[in-house]
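*Asks:* attaching a predicted model along with its sequence, questions to come.
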Amino acid sequence: MRTSIFLDYDGDPVALAGQVVDAESAGIDDVWVAEAYGFDAVSLLGYLAAKTSTIRLASGILPLGTRTPALLGMTAAGIDALSGGRFTLGLGSSGPQVIEGLHGVAFDRPLARTRDTIEICRILWRRDPVEYQGATVTLPNPGGRPMRLITTPVRAQIPIAIAAMGPKNVELTAELADAWLPMFGFFHPEKWHDVWGASLAAGLAKRAPELAPLDVVVGGEVCIGPDGESVRDRSKALVALYVGGMGSREQNFYNDLFRRYGYEDEAATIQDRFLGRDRDGAAAAVPDEFIEATSLCGDEDFVRAQVVRYRDAGATNLLVRPIGPDKIGTLHSLREIVADLS
């Protein structure tokens, strides 16, 4: 099992780069750089390519619709070249608030956009002329001529990770992608199969034999030590934000997932309280069982047991956000636990 960190996207990018350098020294394998409605992720990824030498870099995620499929492919090839072949292109549909509210692009046909983007990127990286007829894009436009990259990518097969929660999106990810990113902190080791197992199996049945086994990148916040249990409860506020307020009452992917996990009454209560501006009440409604199942905050025995649960659930890459006073010490401890269990 590899270990990864999820990099916050609302801080000073130079300071964040320092955290990545420290994580690299702690033996962490990958860093995932998010893009939402702060600074872009590509600038920071290019900076990290120059500041690091071994840690693998990944976008986690670049939202579909904010760039053309060809530009996404060109961007991935550029970061991969700058980093010496250490880049993973993480993609996701994001949501209407970001895509329509910030970028002014219609939030529609996310499955078709995902498929079209993956296929166009792989054509580009092979340096084949791009001739493509998809549901969301046709290349070239009528009357145009097919183009290909004038530069040769470091790798003709750059890994692609897809952030997916919906049944059809998970199926598509299992069919086409190199890695699957369920929502950070929302992968329940005992309940996930009831929600996604059938979709995953359906996608894997159509998977091309030349693709490597699908990486499963999951995890949550981590804090190892005597204060870990008290820190764990703070995660309820983040869960409440997503389940209660990340989207409208009619369209909230995280609320839907919570219901599919079996927390139907809790999902309704969290949403009602959050939208009613009772954020403390919304956090209090998050079940303790869910936090215990998904968190990596506790004493060393608790965290070790959690790592085993994730591993046994099929995780191949443990994605964490260290919290608490000694983030780098926490990463060293986590890396040792994972190494002991490998």
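*Replies:* Sure thing, it's come through.

*Asks:* quick check: Gly185 is in a helix.
*Replies:* No - applying DSSP: H, G, I helix; E, B strand; the rest coil, one finds Gly185 to be coil, outside a helix.

*Asks:* that one contacts Val222, correct?
*Replies:* No - using Cβ atoms under 8 Å, Gly185 is not in contact with Val222, being 10.7 Å away. In short, each C-beta sits where N, CA and C put it, glycine included.

*Asks:* what pLDDT does Gln97 get?
*Replies:* Gln97 is assigned a predicted lDDT (pLDDT) of 83.

*Asks:* nope, Trp32 is what I meant
*Replies:* 98.

*Asks:* and the contacts of the helix or strand in which it is found?
*Replies:* Using DSSP states H and E, Trp32 sits within strand 30-33. Strand 30-33 has contacts (Cβ atoms under 8 Å, 6 or more residues apart in numbering) with 2-7, 9, 20, 23, 41, 44-45, 48, 55-60, 88, 90, 181, 217, 317, 319.

*Asks:* tell me which of those residues fall in strands.
*Replies:* Mapping those onto strands (DSSP state E) picks out 2-7, 56-59, 88, 90, 181, 217, 317, 319.

*Asks:* buried ones among the residues you listed?
*Replies:* Neighbour-count burial (16 or more other Cβ atoms under 10 Å) applied to those gives 2-7, 56-59, 88, 90, 181, 217, 317, 319.

*Asks:* identify the farthest-apart pair in the residues you listed.
*Replies:* Farthest-apart pair in these is Thr3 and Ser59; separation 18.2 Å (Cβ to Cβ).

*Asks:* measure the closest residue to Val170 other than its chain neighbours to Pro153 for me?
*Replies:* The shortest distance from Val170 to any non-neighbouring residue, by Cβ to Cβ, 6 or more residues apart in numbering, is to Ser199 (4.1 Å). Separation of Ser199 from Pro153 (Cβ to Cβ, to the nearest Å): 31 Å.

*Asks:* same question, Leu319
*Replies:* Distance of Leu319 to Pro153, given as Cβ to Cβ: 26 Å.

*Asks:* is the residue of the chain positioned farthest from its centre in a helix, a strand, or coil?
*Replies:* Residue farthest from the centre of the chain, counting by Cα atoms, centre = their mean, is Gly143 at 38.1 Å. Following three-state DSSP, Gly143 is assigned to coil.

*Asks:* now do it, the pLDDT please.
*Replies:* 91.

*Asks:* same deal with Arg259?
*Replies:* According to the model, Arg259 carries a pLDDT of 96.

*Asks:* before we move on, what about Gly228?
*Replies:* Per-residue confidence (pLDDT) for Gly228: 87.

*Asks:* residues in contact with stretch 13-23?
*Replies:* Residues contacting stretch 13-23 (Cβ under 8 Å, 6+ apart): 5, 7-8, 31, 39, 43-44, 47-48, 51-52, 55, 327-328, 331.

*Asks:* top of the residues you listed by neighbour count?
*Replies:* Highest neighbour count within the contacts of stretch 13-23, by other Cβ atoms under 10 Å: Ile5, with 28 neighbours.

*Asks:* show me what contacts that residue?
*Replies:* 19-20, 23, 28, 30-32, 319-322, 331.

*Asks:* next: His332.
*Replies:* So His332 contacts 26-27 (Cβ under 8 Å, 6+ apart).

*Asks:* for it, give its distance to Gly65.
*Replies:* Applying Cβ to Cβ to His332 and Gly65 gives a distance of 39 Å.

*Asks:* also Asp40?
*Replies:* Taken as Cβ to Cβ, the span from Asp40 to Gly65 is 14 Å.

*Asks:* what about those two, which has more around it?
*Replies:* Just comparing Asp40 and Gly65: by other Cβ under 10 Å the higher neighbour count belongs to Gly65, 21 against 15.
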